[in-house]
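Enquirer: How does the following fold in three dimensions:
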Amino acid sequence: MDGQPPPEVIAAFGARGELVRLAGGFHGRAWRCGDVGLKPLDLPLESLDWHAALLERLDGRSDFRVAPLLRTEEGQLTDGGWIAWRFEPGRRPVREWSRVIEAGRRFHRAVADVPRPQFLDRRVDWWSTGDRVAFGELDPAGFAGVPLLDQILPRLTAACEPSQLVHGDLTANVLVDDDLPPLVIDLSPYWRPCRFAEAVVVVDALTWEGAGPELVTAHPEIGEPNLLRALVFRLVTHDLGSAGRFLPADLERYCGALAAITSVA
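Expert: Reported below is the predicted structural model:
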């Protein structure tokens, strides 16, 4: 099968069993071999040790689960450009966005005392750029062509909630199991208010998963400013990732999300 981990990588992480491609948010690049998950390295090397240490610290909790990174027999976190983690069972909850939000809250309470990682300041990917525009740390004039920004930005008020370490991409990265606590995977670290991370889940659900204004109504504590910032975050990221291309269906979805947010407020 194309793109699968080579035998020497599988052996280095001590994996045994049938090699099976994992579905979901891994873009077809992740595999399971017994109780080991494997995928190409997708973290900056400078943050890899940080991720490993944090997941090790969180392992074994009763309110949620994590999937710790594994080391090779030589003690390395990578081998041949691949990383591995302990495979944990779980499935994507269908239209259970409040369940995802609650798992995120449990996670955020657990990491509330984690210091701000310095590597956040050095990130220059699409998502970090979108995040900075959403919080006024980059001049939005450079993104004047992004649809809807001219409607959203005048409605934003200054962020006044405290920031901490948050998982900024919870929507597809909370898995559930009938007999186990929720599983939080693929940590995307940001230093923002917890409500902003929750707002990203709501905006994703409104834009791509068929949620309606009732989801906004169900979570008034998240607040319009966080929802609008989350929408800016996703719009700018979409713009950068698609070279400015918004299909008519994409634009309709984003317009629907904005209407749902502002109609409830």
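Enquirer: Tell me how many other residues crowd residue 208.
Expert: Using other C-beta atoms under 10 Å, the number of residues around residue 208 comes to 15. (Glycine included, C-beta is placed from N, CA and C.)
Enquirer: what's the closest non-adjacent residue to it?
Expert: Of all residues not flanking residue 208 in the chain, residue 253 sits nearest, at 6.6 Å (C-beta to C-beta, 6 or more residues apart in numbering).
Enquirer: Next, the contact list for residue 230, please.
Expert: By C-beta atoms under 8 Å, 6 or more residues apart in numbering, residue 230 lies in contact with 134, 196, 199, 200, 202, 203.
Enquirer: all helices of the chain, in order?
Expert: For the chain, the helices defined by DSSP state H cover 7-12, 45-58, 97-110, 126-134, 149-152, 194-208, 213-218, 224-241, 248-264.
Enquirer: Which residue lies nearest the spatial centre of the chain?
Expert: residue 169 (1.7 Å; C-alpha atoms, centre = their mean).
Enquirer: sorry, back to before: which one of the helices of the chain is the most hemmed in?
Expert: The highest average neighbour count among the helices of the chain, using mean count of other C-beta atoms under 10 Å, belongs to helix 194-208 at a mean of 25.
Enquirer: So which residues make contact with that helix?
Expert: Contacts to helix 194-208, defined as C-beta under 8 Å, 6+ apart, come from residues 97, 100-101, 104-105, 108, 161, 164, 166-172, 190, 211-212, 215-216, 219, 221-223, 226-227, 229-231, 233-234, 253-254, 256-257, 260-261.
Enquirer: Report the buried residues of stretch 8-28.
Expert: 9, 10, 12, 13, 15, 26 (16 or more other C-beta atoms under 10 Å).
Enquirer: swap in stretch 146-161?
Expert: 146, 147, 148, 149, 152, 156, 159.
Enquirer: Skip the chain neighbours and tell me the closest residue to the last one.
Expert: Computed as C-beta to C-beta, 6+ apart, the closest residue to residue 159 that is not its neighbour in sequence is residue 135, at 6.0 Å.
Enquirer: mind listing what that neighbour touches?
Expert: Residue 135 neighbours (C-beta under 8 Å, 6+ apart): 159, 192, 229.
Enquirer: Per-residue pLDDT of it, please?
Expert: pLDDT, residue 135: 96.
Enquirer: same check, this time on the one 4 residues further on
Expert: Predicted confidence (pLDDT) for residue 139: 92.
Enquirer: what about it, how many neighbours?
Expert: 9.
Enquirer: and it, how far is that from residue 153?
Expert: Look at residue 139 and residue 153: by C-beta to C-beta, to the nearest Å, they are 11 Å apart.
Enquirer: pLDDT at residue 42, what is it?
Expert: At residue 42, pLDDT is 86.
Enquirer: OK, contacts around it?
Expert: So residue 42 contacts residue 83 (C-beta under 8 Å, 6+ apart).
Enquirer: Does residue 257 touch residue 231 like I think?
Expert: Yes - Residue 257 is within contact range of residue 231, at 6.0 Å (criterion: C-beta atoms under 8 Å).
Enquirer: Name the nearest of the buried residues of stretch 146-161 relative to residue 63.
Expert: Distance to residue 63, by C-beta to C-beta, is smallest for residue 159 among the buried residues of stretch 146-161, at 27.5 Å.
Enquirer: Next up, phi/psi of the closest one, please.
Expert: Backbone torsions of residue 159, given as degrees, to the nearest 10, read phi -70, psi 130.
Enquirer: list the contacts for it?
Expert: 135, 136, 193, 225, 229.
Enquirer: one more time with 10 Å
Expert: 134, 135, 136, 192, 193, 195, 196, 225, 226, 229 (C-beta atoms under 10 Å, 6 or more residues apart in numbering).
Enquirer: same check, this time on residue 10
Expert: So residue 10 contacts 4, 16, 17, 19, 31, 33, 34, 36, 38, 79, 82, 84 (C-beta under 10 Å, 6+ apart).
Enquirer: Any chance of a ChimeraX selection covering the buried ones in the residues you listed?
Expert: Under the burial definition 16+ other C-beta under 10 Å, those of these that qualify are selected in ChimeraX by:
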select :31,33,36,38,79,82,84
